[in-house]
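Asker: Everything below, folded, please.
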Amino acid sequence: MPAAMRGGSSARPTGQGAAQAAARGRTAAPEGGLSATAILLAALGVIVAALLLILATGERGARLATAVGADVNSRLADAGFRLAAVRVKGASPLATADILRAAGLYKDQPLAGLDLNDVRRRIESVGWVHDVRVVRLLPDTLLIQVVERRQLAVWQVDGRRQVIDVRGAPIPEADPARFTSLPLVVGPGANTGAADLLLELSRRPAVMSQVEALVRVDQRRWDLRLRSGGVILLPAEGEAAALRRLDDLDRASGLMKIGFDRLDLRVPEAVAIRPRPGVALPVSDAGAPEVEARG
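Answerer: Below you'll find the predicted structure:
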């Protein structure tokens, strides 16, 4: 039977009284025990005492403090400070699975004694991760905030393909088969020099849309292999200027749509074109770069 309220009324409290009652209910301890708040305050007091003990007694005190800390963690866990949820922010779905696996967390793990630096180091070992921050959200949640490495291209060398970031570093966990929309860069050293060239190509969508692969030649210059089977030879220096000349020529004559077998931009003063068999060279407008045909 419910106990009678003072004044003989059994109605539930309303307004401010209800809020106060709810607050008391949230912090009320289980029957015969202490509330979570009381345990937390007591634990903090024990930790302070342990630190004073270490200062006073040295190594023996440190061992005793370790034991005390384990007891504090256990009491906090009993009070509800256990891991119930992990929130990962800033990571793609593909990266999240690898991040959680590396973190090594498990449900109902005591949260107060969790070494956040150790968790952070484990997550930093994941190839997807550029930077990470791990935050405890008491009483039961861990927040993992990630800055993911941006995928730049797929790098092919010695018959093997890897996804690389903007610095050219491979991302081991990334499956190249899942990144078919990324540009393909080929050859030794192609990973480290690709970012600058891809930036220049991004400014010339008419050219970039037809590029199948960026091939590094002798680790000093690039060939652009086209989807049509043609190839564009870029100089070892002055790539941006060479691409500007190509852009001007394409706007003047529609060269990229007409197609060719080979277009040589290695000499700044000339553009040498080997046309496809049976395909006439475009006629240049006034002011367009001179075109030299080579069979």
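
Asker: What about residue 225, how many residues nearby?
Answerer: Neighbourhood size, residue 225 [other Cβ atoms under 10 Å]: 18. Where C-beta positions appear, they are placed from N, C-alpha and C, glycine not excepted.

Asker: Regarding it, which helix or strand does it belong to?
Answerer: strand 221-226 (DSSP states H and E).

Asker: what does residue 199 give?
Answerer: Secondary structure (DSSP H and E) places residue 199 in helix 190-202.

Asker: quick one: buried residues of that helix?
Answerer: In terms of neighbour count (16 or more other Cβ atoms under 10 Å), helix 190-202 has its buried residues at 190, 191, 192, 193, 194, 195, 197, 198, 200, 201.

Asker: Check stretch 176-194 too.
Answerer: 176, 179, 182-187, 189-194.

Asker: ok, now stretch 228-248?
Answerer: Buried-residue list, stretch 228-248, by 16+ other Cβ under 10 Å: 230, 231, 232, 233, 234, 235, 239, 242, 243, 245, 246.

Asker: show me the residues around residue 154 that make contact.
Answerer: By Cβ atoms under 8 Å, 6 or more residues apart in numbering, the contact set of residue 154 is 161, 162, 163, 164, 176, 179, 182, 183, 184, 185.

Asker: Only C-alpha atoms, please: export the host helix or strand of it in CSV.
Answerer: Using DSSP H and E, residue 154 sits in strand 151-157. What follows is strand 151-157 as a C-alpha-only set of coordinates in CSV (Å, rounded to 0.1, in the frame of the first residue of the first chain):
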residue,chain,number,x,y,z
GLN,A,151,42.1,10.1,-50.1
LEU,A,152,43.9,11.6,-53.1
ALA,A,153,44.5,8.8,-55.6
VAL,A,154,45.1,5.1,-56.2
TRP,A,155,48.8,4.5,-56.7
GLN,A,156,50.0,1.6,-58.8
VAL,A,157,53.6,0.4,-58.6
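
Asker: Over that strand, what's the mean pLDDT, rounded is fine.
Answerer: Strand 151-157 shows a mean pLDDT of 97.

Asker: Now that we have the contacts of residue 154, can you turn them into CSV and tack on secondary structure?
Answerer: CSV is the format used below for those (DSSP: H, G, I helix; E, B strand; the rest coil):
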residue, secondary structure
161, strand
162, strand
163, strand
164, strand
176, helix
179, coil
182, coil
183, coil
184, strand
185, strand
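
Asker: from those residues, which two are the most distant?
Answerer: Using Cβ to Cβ, the pair of those lying farthest apart is 162 and 183, separated by 13.4 Å.

Asker: I'd say residue 212 and residue 225 touch.
Answerer: Yes: using Cβ atoms under 8 Å, residue 212 is in contact with residue 225, at 5.1 Å.

Asker: Name the residues contacting each of these two.
Answerer: If you check residue 212 and residue 225 against Cβ under 8 Å, 6+ apart, no residue is contacted by both.

Asker: quick one: which helix or strand includes residue 135?
Answerer: Going by DSSP H and E, residue 135 is part of strand 129-137.

Asker: wait, residue 240
Answerer: helix 239-253.

Asker: With only the CA atoms kept, save that helix in CSV.
Answerer: Presented in CSV, the C-alpha positions along helix 239-253 are these (Å, rounded to 0.1, in the frame of the first residue of the first chain):
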residue,chain,number,x,y,z
GLU,A,239,53.8,21.5,-66.2
ALA,A,240,51.3,24.3,-65.4
ALA,A,241,52.4,26.3,-68.4
ALA,A,242,52.3,23.3,-70.7
LEU,A,243,48.7,22.5,-69.5
ARG,A,244,47.7,26.1,-70.1
ARG,A,245,49.0,25.8,-73.7
LEU,A,246,47.0,22.6,-74.1
ASP,A,247,43.9,24.3,-72.7
ASP,A,248,44.3,27.2,-75.2
LEU,A,249,44.7,24.8,-78.1
ASP,A,250,41.7,22.8,-77.1
ARG,A,251,39.4,25.9,-76.8
ALA,A,252,40.7,27.1,-80.2
SER,A,253,40.4,23.8,-82.1
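
Asker: And whatever helix or strand comes next after it, what's buried?
Answerer: The helix or strand immediately downstream of helix 239-253 is helix 255-258, counting by DSSP H and E. Neighbour-count burial for helix 255-258 flags 255, 256 (criterion: 16+ other Cβ under 10 Å).
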